[in-house]
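*Asks:* Sequence first, then the predicted structure, then my questions.
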Amino acid sequence: MEHKDSSHALLHEAQELGYEGRVRSQDPASLKLWLRMMACTKQVEDEIRRRLRLNFDISLARFDYMAQLYRYPDGLKMGELSRYLMVTGGNITGLTDELSREGLVSRASSPTDRRAWILRLTPEGRSSFEVMAKAHAGWVTEMFSGLEPEAIRQLHQHLGALRVHLVNLAAGQQS
């Protein structure tokens, strides 16, 4: 007998099914989970985008860019930053140009590779990011407060196992 999901009914009533609107009772649990994960991710991401724009007049892409550079005070090569953010080099170049004009990012040639640029947050960029990051952390905590801390820990652990499995699949390995 199938377990009834009361959240599905509540979301349906609120006209907030989103991706889950295509779920049928006979669909595999993995498909239902995938659609729910996409819907949750979109909702959280949309709310973070809205709050970043409203409170700091910044896009999520710019916030993520600054977050990566914040973690690497000695800087990152453009290619490294592109890989971490999973975007093209062209996207990084455009964001770098914007943030550099605003005095938030500096760019210097690499001492070990003439073709590469090292990107760093300026002191103003670090200070600006710290304010945004504190607010961002509070928003994420607020959005996930509907879950018990143990559920959050378990979800994190299970999704980590899923990511490892997906990396192995992409590498042509079966786990």
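*Replies:* Now that the structure is in, tell me what you want to look at.

*Asks:* Could I get the full set of helices for this structure?
*Replies:* 6-13, 29-56, 60-71, 78-85, 89-101, 123-143, 149-170 (DSSP state H).

*Asks:* Tell me which of the ones you listed sits nearest to Ser110.
*Replies:* Of all these, it is helix 78-85 that lies closest to Ser110, at 9.6 Å by CB to CB. Every C-beta, even on glycine, is put in place using the N, C-alpha and C of the backbone.

*Asks:* Grab the CA positions of that closest one and hand them over as CSV.
*Replies:* C-alpha atoms of helix 78-85 as CSV (Å, rounded to 0.1, in the frame of the first residue of the first chain):
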residue,chain,number,x,y,z
MET,A,78,39.7,32.7,-13.8
GLY,A,79,39.6,29.1,-14.9
GLU,A,80,39.5,27.8,-11.4
LEU,A,81,36.7,30.2,-10.5
SER,A,82,34.8,29.1,-13.6
ARG,A,83,35.0,25.4,-12.6
TYR,A,84,33.9,26.1,-9.0
LEU,A,85,30.9,28.1,-10.2
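
*Asks:* buried stuff in it?
*Replies:* Met78, Glu80, Leu81, Ser82, Tyr84, Leu85 (16 or more other CB atoms under 10 Å).

*Asks:* Could you export the helices of the chain to a markdown table, including columns for distance to Arg22?
*Replies:* Listed next are the helices of the chain as a markdown table, based on distance: least, CB to CB, whole Å:
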| stretch | distance to Arg22 |
| --- | --- |
| helix 6-13 | 12 |
| helix 29-56 | 7 |
| helix 60-71 | 26 |
| helix 78-85 | 30 |
| helix 89-101 | 30 |
| helix 123-143 | 24 |
| helix 149-170 | 21 |
